[in-house]
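Peer 1: sequence first, predicted model second:
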Amino acid sequence: MSYLEIPLWRVAIAALLVGVAILLSRLARLGLEKALGLGAVRAAVQLVAIGYALRLLITSNHPAIVALVLGAMWAVAAYTSAQRLEHGPSTAALFPYALASIGVGALFALAPVFLFVIPVQSLDARYVIPLGGMMLSSAMNVVALVFERLFATAAAEEATLEQRLALGASPKQALASYERAALRAALIPTINGLVTVGLVALPGMMTGQILSGVAPEQAVRYQIVIMYQLVAVAAVSGALAATFSRRLLFTERAQLRSWRADRR
Amino acid sequence: MRSPSRLVIGGAPAFASSVPREKSADPRQKRERRRSFCAPREEFCASAPLRPLRLRRGATLRALDSALLLGRDLTVERDGRRVVDRATIVLAEAGVVTIAGPSGCGKSTLLRALATLIPLSAGTLRFEGRTVEDIGVLEYRRRVAYVPQSPQMFEGTVADNVRAGPRFAGRELGDDQVSALVARVGLPVELASRSAADVSGGERLRVALARALANEPRVLLLDEPTSALDARAAGVVLDLLLSLAAAGTALVLVTHVPEHAAHLGGAAYRMAAGALSAEASSP
């Protein structure tokens, strides 16, 4: 191993950094001391737990277990992106659509890469879990943004949408301008990432690889592949989420569904 | 289970006079015609049972068949409550129908149901004798235009608004066609190049009318078009509607002002608590 190992007592020193934030919170009376303290403990516990889980996962490296873990990540991502919609279907109703949008987008970005770019032997946990996790979490954010934005706009612009329908617009035509706006908004973070990577942000995985002794030029190549994958994920998952939203917003007879009425 | 329905026939004067009196029609033939109102494959028909029709004013089933727009036993339920309760409405070719009633009685909902913008829980809707399925819902909406109480302007200029409907159908209106439509609703032609966001409240309704007319509809469904206008402006709009009716566009107008309904003439309906009935025949 060509990297410095960190003993636990030195991690404790790093915890003092949180202490600084807590002190500032107390001085400025932000009332965030408890949240900061609990958050720091929670982060440590979750990471230690996933550390052991990953260790088990990588040492066993059983494809079935890897698939199971990916599946769980996928479900959590879908559940999260289907939550917190102010105007729109319930989490339960939205979940299958979130699952499909995220799943197809992630698969679209991962399959060709694992087949042709980073050819892994079966489901190698060391590659599949981190790359899969990155794609799933990116898809989750894009899908959540598209859902939130489209359902909120449809609720706010109900009258305009209905008047477009009344003039003979198909649901697709009626929603087109809002759909474009939602997709653009959802893609902006990914595009910003593309533009600023290396200038503002040094991506975590690349930094990690360099820290663990991977040659920087190799780590950079991995990162380039990941950035391109993220673009594909955002585009595919976002477009699918928009299509599903449209189906949920309109009935088969091109009538607007009133989600607010349904939720009462 | 044979509950009598409250079918009421009302038509424009032209319609009423064209109705032949056929009281001695073969009963079997009659039954056949009734059945044709509610073919089982129609979803719009939902589960409305076939009820015997009791006709007033000597109108016949043939009159219903020849109606331009026929809504029969239209029922709309919301949160388990019947907002529109088995309303039957008949609109003749180039006819005028007015629906008056207090606010909240369901008349706007009935109009939106006629525009197919909200689902029916029961009842049948026919245009030119065909179901909405046969025509296709988008095509139906091009022929049966709906103008809401407070029209929203779309992005862009007034001309963009007027072009919207034909554009949805893949047709682009020429400048002269746009100008003609703007002029037809009594607006200055120069308005076409103005941003629709800058159009005043009174002009909005006219822009919405021009926008609806751009699809060359045969029926205009109008929800309280005069509600936001002062007496003078309301009179101008009513005269405009009369001129449209004279030019062959059939009108269904919802209003809570009885004088406006009387001004337009035609068949007068009243709505109360979701139920539609014909007003005592006007002189």
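Peer 2: Thanks, I have the structure now.

Peer 1: can you give the domain ranges for chain A?
Peer 2: Domain segmentation of chain A under automatic domain parsing yields A:1-60, A:62-263.

Peer 1: for chain B, which of these is the nearest?
Peer 2: Within the domains of chain A, the stretch nearest chain B is domain A:62-263; the backing value is 3.9 Å (Cβ to the nearest Cβ). For the C-beta atoms, the positions are set from N, CA and C on the backbone; glycine is no exception.

Peer 1: longest single helix anywhere in the chain?
Peer 2: All of this is about chain A. Of all the segments of type helix in chain A, defined by DSSP state H, the longest one is helix A:216-249.

Peer 1: other chain: chain B
Peer 2: Under DSSP H, chain B gives helix B:231-246 as its longest helix.

Peer 1: is it fair to say residue B:153 lies in a helix?
Peer 2: No. Counting by DSSP: H, G, I helix; E, B strand; the rest coil, residue B:153 is not found in a helix; it is coil.

Peer 1: pLDDT weak spots in the stretch 1-150 of chain B?
Peer 2: By pLDDT under 70, the weakly predicted segments of the stretch 1-150 of chain B are B:1-65.

Peer 1: please enumerate the helices of it.
Peer 2: B:13-18, B:27-37, B:61-65, B:107-114, B:132-135, B:137-143 (DSSP state H, counting those that start in this stretch).

Peer 1: one more: chain A?
Peer 2: Using DSSP H, helices in chain A cover A:8-27, A:33-60, A:63-81, A:91-112, A:125-156, A:158-166, A:171-196, A:204-211, A:216-249, A:259-263.

Peer 1: and those as TSV, adding mean neighbour count and mean pLDDT?
Peer 2: Formatted as TSV, the helices of chain A follow (neighbours: other Cβ atoms under 10 Å in any protein chain shown; pLDDT from 0 to 100):
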stretch	mean neighbour count	mean pLDDT
helix A:8-27	11	89
helix A:33-60	12	89
helix A:63-81	17	90
helix A:91-112	20	92
helix A:125-156	22	91
helix A:158-166	22	93
helix A:171-196	17	91
helix A:204-211	15	85
helix A:216-249	19	91
helix A:259-263	13	49
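
Peer 1: including distance to chain B, could the ones you listed go into JSON lines?
Peer 2: Formatted as JSON lines, the helices of chain A follow (distance: least, Cβ to the nearest Cβ, whole Å):
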{"stretch": "helix A:8-27", "distance to chain B": "46"}
{"stretch": "helix A:33-60", "distance to chain B": "41"}
{"stretch": "helix A:63-81", "distance to chain B": "29"}
{"stretch": "helix A:91-112", "distance to chain B": "18"}
{"stretch": "helix A:125-156", "distance to chain B": "11"}
{"stretch": "helix A:158-166", "distance to chain B": "4"}
{"stretch": "helix A:171-196", "distance to chain B": "5"}
{"stretch": "helix A:204-211", "distance to chain B": "41"}
{"stretch": "helix A:216-249", "distance to chain B": "14"}
{"stretch": "helix A:259-263", "distance to chain B": "7"}
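
Peer 1: list the contacts of the closest residue to residue B:242 other than its chain neighbours.
Peer 2: What sits nearest to residue B:242 in space, not counting adjacent residues and going by Cβ to Cβ, 6 or more residues apart in numbering or on different chains, is residue B:264, at 6.5 Å. Going by Cβ atoms under 8 Å, 6 or more residues apart in numbering or on different chains, residue B:264 touches B:96, B:98, B:238, B:241, B:242, B:245, B:251, B:253.

Peer 1: quick revisit: can I get the domains of chain A in CSV with distance to residue B:113?
Peer 2: Converted to CSV, the domains of chain A look like this (distance: least, Cβ to Cβ, whole Å):
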stretch, distance to residue B:113
domain A:1-60, 52
domain A:62-263, 10
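
Peer 1: neighbouring contacts of the next helix or strand after the longest helix of chain B?
Peer 2: Counting by DSSP states H and E, the element after helix B:231-246 in chain order, helix or strand, is strand B:250-255. Residues from elsewhere that reach strand B:250-255 (Cβ under 8 Å, 6+ apart): B:12, B:68-69, B:89, B:91-100, B:107-108, B:110-111, B:114, B:218-227, B:241, B:244-245, B:260-261, B:264, B:266.

Peer 1: from chain A, how far out is residue B:73?
Peer 2: Using Cβ to the nearest Cβ, to the nearest Å, residue B:73 is found at 18 Å from chain A.

Peer 1: typed the wrong thing, it's residue B:111
Peer 2: Applying Cβ to the nearest Cβ, the value for residue B:111 to chain A is 11 Å.

Peer 1: OK, contacts around that residue?
Peer 2: Taking Cβ under 8 Å, 6+ apart as the test, what residue B:111 contacts is B:99, B:146, B:221, B:222, B:223, B:252, B:254.

Peer 1: so which bits of the stretch 51-200 of chain B are right by chain A?
Peer 2: Taking Cβ under 8 Å from any Cβ of the partner chain, the part of the stretch 51-200 of chain B that reaches chain A is made up of B:78-79, B:115-119, B:132, B:137-139, B:141-142, B:145-146, B:148, B:150-152, B:154-155, B:164-165, B:168-169.
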